[in-house]
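A.B. asks: Starting from these lines, generate the structure:
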Amino acid sequence: MTQARQPLIRTGLDTLNTDIPDCLKDRKLGLLANPASVDSRFSHARDVIARRFPGQLAALFSPQHGFFAEKQDNMIESAHGTDPELGIPIYSLYSETRIPTPKMFESIDTLVVDIQDVGTRVYTFIYTIAYCMEVAARLGKSVVILDRPNPVGGILSEGNVLEPESASFVGRFPIPMRHGMTVGEISMYFNATQNIHCDLTVIPMTGWKRQMLWEDTGLTWIPPSPNLPTPLSAAVYPGQVIFEGTNVSEGRGTTLPFEQFGAPYMDARKMAAQLGDRIKGAHLRPVCFEPTSGKWAGRICQGAHIHITRADIFKPYLSSLVFLHHIITSYPDDFRFKSPPYEYEYDRLPMDLILGSRSLCQALEDGVDPRELEPAWQEELNRFVHDASPFYLYD
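C.D. replies: Predicted structure coming up:
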């Protein structure tokens, strides 16, 4: 019989299988989780905690896309419910509220968080956690985070730091697009720099190194949201997510969300030929695809499939800005920025919120090459890395 492959690292949840930390003993517990919240044996955090802490689990909470990650798109809310086995409530934190109410926290002393983040500013899970920490601090509750890998590594950070006037649920705090921190680390950073002052404990991983990408961990990828089905989709997401703010398909409604992009008005071969030499660490392969839902559903789109060839030098954010710049300048009569609403913002341009900067969006509209814009954000990016590094938990 073939022996099961053992992961190279142990997540915070795996630690609970062997060690019970004092901060969870004799506490009524809540759990913020979704389908990616599994241990190395594929047991869900709900089951691990219910088994290891009998009678202590009192409430479940879910982030965007729902406890079962069944909701496909932005601003598609999930309902509250009841766990059929434990008989405890499931509170959706992407419903009529993104902020937990005091009533939701009434039955718990400590909120346990086991969430797989993807290392990107606009991925809303880290802000759901921040809201939970803020409410917990006000109510005298504690938060325990079971740490997980950053799938795009912890060495490289990239992009402009969010400007305060562009803050939203896809960017609450001034961080770059690719932040280079684990979910535990960035929660500690928010807790300190945003003066949340929550009673926060992070149960770290063992074996994880900052240079590790997902494929280096030995863990099985469980999609944290419906349109990040593979580690490759997560690897390009810090850049390709910008197309959510345009009429260019980011690949939703296909089998390769975020890995491919395009529109009916684009010329796939011409674009790939013109952009190929401008992108380091990736190859653009011309493709045609027909989304079954979302933008251009039922229409044939021409575009490109991104194949990462050198992850150590590939810059997903800068690369996607280069793609966007090319599309804006090549198809001025067809390209459009998406109009509001976007993530519960009904007045501001979605692209301003995604980029975290109105001036950056304006520069792209004016035809400025993103490679000329990158040096302008480097000093602030370096300052973020300097300020964030004291919260690093791993070599």
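A.B. asks: just the strands in the chain please.
C.D. replies: With DSSP state E as the criterion, the chain has strands at 29-32, 57-62, 81-82, 89-92, 110-113, 142-146, 199-203, 260-263, 282-289, 301-308.
A.B. asks: Of all those strands, which one comes closest to Met104?
C.D. replies: strand 89-92 (4.8 Å; Cβ to Cβ). All C-beta spots, glycine's among them, are computed from the backbone N, C-alpha and C.
A.B. asks: how far out from the middle of the chain is the closest one?
C.D. replies: How far strand 89-92 lies from its chain's middle: 21 Å, per Cα atoms, centre = their mean, to the nearest Å.
A.B. asks: Run through who's touching it.
C.D. replies: 59-62, 66-67, 77-83, 100, 104 (Cβ atoms under 8 Å, 6 or more residues apart in numbering).
A.B. asks: 10 Å instead?
C.D. replies: 30-33, 46, 58-68, 71, 77-84, 97-98, 100-101, 103-105, 107 (Cβ atoms under 10 Å, 6 or more residues apart in numbering).
A.B. asks: which of those residues are buried?
C.D. replies: Among the contacts of strand 89-92, those classed as buried by 16 or more other Cβ atoms under 10 Å are 30-33, 46, 58-67, 71, 78, 80, 98, 100, 104-105.
A.B. asks: residues in contact with the residue lying closest to Leu381 once chain neighbours are set aside?
C.D. replies: Residue nearest to Leu381 in three dimensions, not counting chain neighbours: Pro176, with 5.4 Å by Cβ to Cβ, 6 or more residues apart in numbering. Neighbouring residues of Pro176 by Cβ under 10 Å, 6+ apart: 120-121, 157-162, 238, 317, 356, 377, 380-381, 384-385, 388.
A.B. asks: Buried ones among these?
C.D. replies: Listed as buried from the contacts of Pro176 are 120-121, 157-162, 238, 317, 356, 377, 381, 384, 388; burial here means 16+ other Cβ under 10 Å.
A.B. asks: from the residues you listed, which single one is nearest Ala272?
C.D. replies: Ala272 has its nearest neighbour among the buried ones among the contacts of Pro176 in Tyr317, at 19.7 Å by Cβ to Cβ.
A.B. asks: ok, the closest one touching Glu374?
C.D. replies: Yes - using Cβ atoms under 10 Å, Tyr317 makes contact with Glu374 at a distance of 9.3 Å.
A.B. asks: Now do the shared contacts for the two.
C.D. replies: In contact with both Tyr317 and Glu374: Glu158, Gly159, Asn160, using Cβ under 10 Å, 6+ apart.
A.B. asks: Give me the phi and psi for the residue nearest to the second one when sequence neighbours are not counted.
C.D. replies: In space, not counting the residues next to it along the chain, Gly159 is nearest to Met177; the distance is 3.3 Å by Cβ to Cβ, 6+ apart. Backbone torsions for Met177, taken as degrees, to the nearest 10, come to phi -60, psi -40.
A.B. asks: ok, Met177 - contacts?
C.D. replies: Residues in contact with Met177 (Cβ under 10 Å, 6+ apart) are 119-122, 157-162, 171, 237-239, 241-242, 316-318, 320-321, 354-356, 377, 381.
A.B. asks: again, 8 Å this time
C.D. replies: Met177 touches Thr120, Arg121, Val122, Glu158, Gly159, Asn160, Pro238, Gly239, Tyr317, Gly356, counting by Cβ under 8 Å, 6+ apart.
A.B. asks: what are the bridge partners for the residue lying closest to the fourth one once chain neighbours are set aside, then?
C.D. replies: Think Glu158. With sequence-adjacent residues excluded and distances taken as Cβ to Cβ, 6+ apart, Glu158 is closest to Arg178, at 4.1 Å. As for beta bridges, Arg178 partners with Thr120, Glu158 under DSSP bridges.
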